[in-house]
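Asks: predicted coordinates and the sequence they were generated for:
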Amino acid sequence: MAILTLTINGEHVSGKDDESLLDIARQHDVHIPTLCHLDGLSDVGACRLCLVEVEGQSKLFPACTTKPQEGMVIRTDTERLKKYRRTIIELLASEGNHQCAVCVVNNHCELQNLAYDVDLQYVRFPYLYPKKELDATHEDFVIDRNRCVLCTRCVRVCHEVEGAHTWDIAGRGIDCTIIADMNQPWGTSASCTSCGKCVRVCPTGALFEKGQTVAEMEKQRDFLKYIVHARQKREWVAEQIEEE
Amino acid sequence: MKPRVATVWLGGCSGCHMSFLDMDERLIELADKIELVYSPIADVKQFPMNVDVALVEGAVSNNENEELAHLIRRNAKFVLSFGDCATTGNVTAMRNQFSPDEIIHRAYVELAEADPTIPSEFMTIAKLLPQAKPLHEVIPVDGFLHGCPPTPDQIWFAVSELLAGRTPVLPNAYLRYG
Amino acid sequence: MTLEDLNELAEKELERQKNFKNRLLYCSAAGCVSCGSNATRDAFKKSLKEKGLDKEVEVLGTGCMGLCGEGPLVKVGSDDTLYQRVDENAAARIVDEHLLNANKVAENLINPDDPFFASQMKIVLENCGKINAESIEEYIAAGGYQALAKALTEMSQDEVIDEVRKSGLRGRGGAGYPTGLKWGIVRKAKGDQKYVICNADEGDPGAFMDRSVLEGDPHRILEGMALAGYAVGASQGYIYVRAEYPMAIERLKLAIKHAERLGLLGNRIFESQFNFRIDLRIGAGAFVCGEETALIRSIEGRRGRPRPRPPYPSEKGLFGAPTLLNNVETYANIAPIINRGSAWFASIGTPKSTGTKVFALAGKIKNTGLIEVPMGIPLRKIIFDIGGGTPEGTEFKAAQTGGPSGGCIPNDHLDIPVDYESLATVGSIMGSGGMIVMDSESRMVDVAKYFMEFCADESCGKCVPCRVGTKHIYLLLDKISNGKATQDDIALLEELCVMVKETSLCGLGQSAPNPVLSTLRFFRHEYEELLKPALHFEQSEKSR
């Protein structure tokens, strides 16, 4: 491991060579919006919100999966990036059926917050109003695919942390959808352990607990950090991490 | 001459209008400054000419909404999408997963407590469009007021700006969906 | 197997061929089979038997002969006469008149001086149409596996890589990355196990170069891969071939079996320390699996979704091991380079784009088919000399290279040399070799719409810009094509195209907007002619 020096938005910062640009930016209070990224899960670079500009490169790089290099000069907040981020949120909003007013996570929703973050006044693309399935067959939880943004956090937490691999993706392109086991009702899944991790990591109201109504559900996602830390370091230090 | 203001109720629950009324005593101040030429709370049948500002609540859901929307665009200088249904389709657009026939059947037959009948064309109900759409997908819109419903403060801010002759650029703090 | 054994096999095969007075070669590639070349074969055999010629004349199926639009194609071996549209009746006549009486059948004759043949240069396709695609002996008799023998007995790994590097060969999959450089990186990458993969997931609409090579000369690919395996230090190769190519799959299976039987694949090849095996992996019909990281995941048995690079497959590829991934046509060039030397190869084409390129000519063009030309040839020559121009009564409008990832090249750029850099200057790409010709009757908005529908359908759905962006680009194009759009929609279309291009995760999304951007660049008026008259609201101008 080596310490590298790089420049983010004109400020000289340092970071370790095994961290991502996103890690380093956050350590230095540089805000980069993210959606598919979640601390404790592997990064897939899918939502494209964290794209940054690297000096001397024409391509844009996802901060979550890009490693730093000595002397790298990075910009995270150019007009071009802001415009692209707003377009990504527009695309996400048009793709699903997001009715905040009747959603269980209204006011606690990452997609909603991102819309505010990028100052989304309206969506320039026609809403697609897809017909998506809601599955309430599980005893405790519901998946409403109308609100799914296909970040695959549920797929990853189920595979990487819980080890059950109940969730996966079926279909392709705009028809992609999250499925349980062999595309069967969630309640009939033999692999699901009902641990609820997927529900807690879901950024929107696509996965929620039964018995909660509009705007009632607030998701605590910190648990993941503690679990991953405990696994890797063999110690349970939730409180200490909190203090850090 | 006072600015001529219209408020319109398309495919929505009228919650945005309720919120408008929740401006309370500020309404008295407003009444002095504007001439309300068309509104669900005013008994005017025809959307008038030469409107300065139109606040349009609700999604464009049936052929009457559609016709009215085009009329509003022709007659009003400034059209404001008023609330989430006008801006995003919101709850009104939840029916878009079903065909108009399915919806009519559900409403007038399946859920009818007595005498399940689909209204005939002689009865005056407007024809559902295949999909309910946000206002800006039907006509060009000049501004947006978000929320389900927008808060009285948001509405007051937007209306005040308009009356001062400015295009309301809502501060990010006022941006809220749901 | 030693070099002597190989030479002996070659001589034996040539002896065998001499036993026949003549050979009737019919094209047995998918194009000609689909228009009846199997019936032609049967008619030949029946007719030869009737005339008592069946012991003297050998009938054999070869790879693609090029002029696919005029199939079934047949060649008479003794004098290289080429016939077109040979149905059962024509087959009988060829036996009667040509073989028995030495009178060529004028009706079906193809003029050998036709510029279609004269302007071509065949390296990749040199065996296609000449040898029996299902016989390893014929491949060996045509000089096959000599390059592998030479490399394994006379050359070091680095010498092989050096030779490829000096040849100037660049990846024929489309991007044009220098092949020798890639090989060098895999060679240097640390790892006990390394892999060699052949990308035969040819998915561009209208492209069939790789299919023709696989069907017509499968051993060429095996030899190229074995050479690559030796050079980079890999012992296992995979050919990822799409399920839509059943004939290619059958011939590859057969070729692998034959090569293994003769010890040309397996352990201690040519009695060296080099072991190499090749297995097939069949793609299930996803275009995105032609993208290297998605292809690798698919071979691993997982969902074919691309991942961000770096790390590149050359460092971390199949099962996390350093992996060399090249296209079919790239591997097909390796044996000739080793046999004839890098200087020979580098002398063909242009200094930066050496060698030849195979193109599949399709669309509004007289000669539909498979061609191979030296790099740097003017596009005009391909379209008008080789292709014969557009059908009667229409005018050439544009040629699309690179399929759904490429762009169109209009009339005023017809003299552009066909090489990697020149094509990029007009906003297109070399691509894998699809070339679709459009004439004055083609509507460019519909062309763009067709390609965008393809890309939206083939998007894997992982990243947002490609998953949703391509859908909205398609919807905007549909709106324009239906006359319901305004100037604002064109502006939005252009903005979205640039955004999808710059923000998508993999090559599919990054290149999907190219056909739209390129038709907008050269045929903007066709978009604008389709706009509906602007609405005249007082506010409409400033409001949007």
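Replies: Perfect, I can see it now.

Asks: spatially central residue in chain C, please.
Replies: Centroid-nearest residue in chain C, with CA atoms, centre = their mean: residue C:209, separated by 2.6 Å.

Asks: does that one really touch residue C:430, like I thought?
Replies: No. In this structure, residue C:209 is not within contact of residue C:430 by CB atoms under 8 Å, at 11.8 Å. The C-beta positions use only the backbone N, C-alpha and C, and glycine is treated the same way.

Asks: I figured residue B:178 hits residue B:84, correct?
Replies: Yes. With contacts defined as CB under 8 Å, residue B:178 counts as touching residue B:84 at a distance of 7.0 Å.

Asks: who's more crowded, those two?
Replies: Set residue B:178 next to residue B:84 and count neighbours by other CB atoms under 10 Å in any protein chain shown: residue B:84 wins out with 32 against 21.

Asks: kindly export the host helix or strand of residue B:129 (C-alpha atoms) in CSV.
Replies: Assigned by DSSP states H and E, residue B:129 falls within strand B:128-133. These are the backbone C-alpha positions of strand B:128-133, laid out as CSV (Å, rounded to 0.1, in the frame of the first residue of the first chain):
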residue,chain,number,x,y,z
LEU,B,128,-60.2,8.5,-21.0
LEU,B,129,-57.0,9.0,-23.0
PRO,B,130,-54.9,5.8,-23.4
GLN,B,131,-52.6,7.2,-20.8
ALA,B,132,-52.7,10.1,-18.3
LYS,B,133,-49.8,12.4,-19.0
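
Asks: could you see whether chain C lies near the helix or strand just after that strand?
Replies: Next in sequence after strand B:128-133, counting helices and strands by DSSP H and E, comes strand B:143-145. No. In this structure, strand B:143-145 remains apart from chain C according to CB under 8 Å from any CB of the partner chain; the gap is never smaller than 8.7 Å.

Asks: show me what the next helix or strand after strand B:143-145 is packed against.
Replies: Along the chain past strand B:143-145, the next helix or strand (assigned with DSSP H and E) turns out to be helix B:152-163. Using 3 or more CB pairs under 8 Å, 6 or more residues apart in numbering or on different chains; DSSP states H and E as the contact test, the elements touching helix B:152-163 are helix B:15-21, helix B:26-33, strand B:51-57, strand B:76-82, strand B:143-145.

Asks: can you lay out those as a markdown table showing mean pLDDT and mean neighbour count?
Replies: As requested, these are exported to a markdown table (pLDDT from 0 to 100; neighbours: other CB atoms under 10 Å in any protein chain shown):
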| stretch | mean pLDDT | mean neighbour count |
| --- | --- | --- |
| helix B:15-21 | 97 | 20 |
| helix B:26-33 | 93 | 12 |
| strand B:51-57 | 97 | 25 |
| strand B:76-82 | 96 | 25 |
| strand B:143-145 | 94 | 25 |
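
Asks: and residue C:361, that's in a strand?
Replies: Yes. Membership of residue C:361 in a strand is supported by DSSP: H, G, I helix; E, B strand; the rest coil.

Asks: wouldn't it be in contact with residue C:386 here?
Replies: Yes. Applying CB under 8 Å, one finds residue C:361 in contact with residue C:386, separated by 7.4 Å.

Asks: which of those two has more neighbours?
Replies: Looking at residue C:361 and residue C:386 with other CB under 10 Å, you find the greater number of neighbours at residue C:361, namely 28 against 24.

Asks: from chain B, how far off is the closest residue to chain A within the stretch 1-150 of chain C?
Replies: When you check the stretch 1-150 of chain C against chain A by CB to the nearest CB, the closest residue turns out to be residue C:30, at 26.0 Å. Between residue C:30 and chain B the computed distance is 43 Å (CB to the nearest CB, to the nearest Å).

Asks: where does that residue fall, phi/psi-wise?
Replies: Note on residue C:30: its backbone torsions stand at phi -50, psi -40 [degrees, to the nearest 10].

Asks: just residue C:81 next, same as before
Replies: Main-chain torsions, residue C:81, degrees, to the nearest 10: phi -70, psi 130.

Asks: cool, residue C:434 as well?
Replies: Here the main-chain torsion angles of residue C:434 (degrees, to the nearest 10) amount to phi -70, psi 140.

Asks: run a quick neighbour tally on residue 131.
Replies: Reading this off chain A. Other residues near residue A:131 come to 10 when the count uses other CB under 10 Å.

Asks: that's the wrong chain, I wanted chain C
Replies: By the other CB under 10 Å criterion, the neighbourhood of residue C:131 contains 24 residues.

Asks: next: residue A:195.
Replies: Residue A:195: 15 surrounding residues under other CB under 10 Å.

Asks: what's it in contact with, if anything?
Replies: Contacts were defined as CB atoms under 8 Å, 6 or more residues apart in numbering or on different chains; by that measure residue A:195 touches A:162, A:164.
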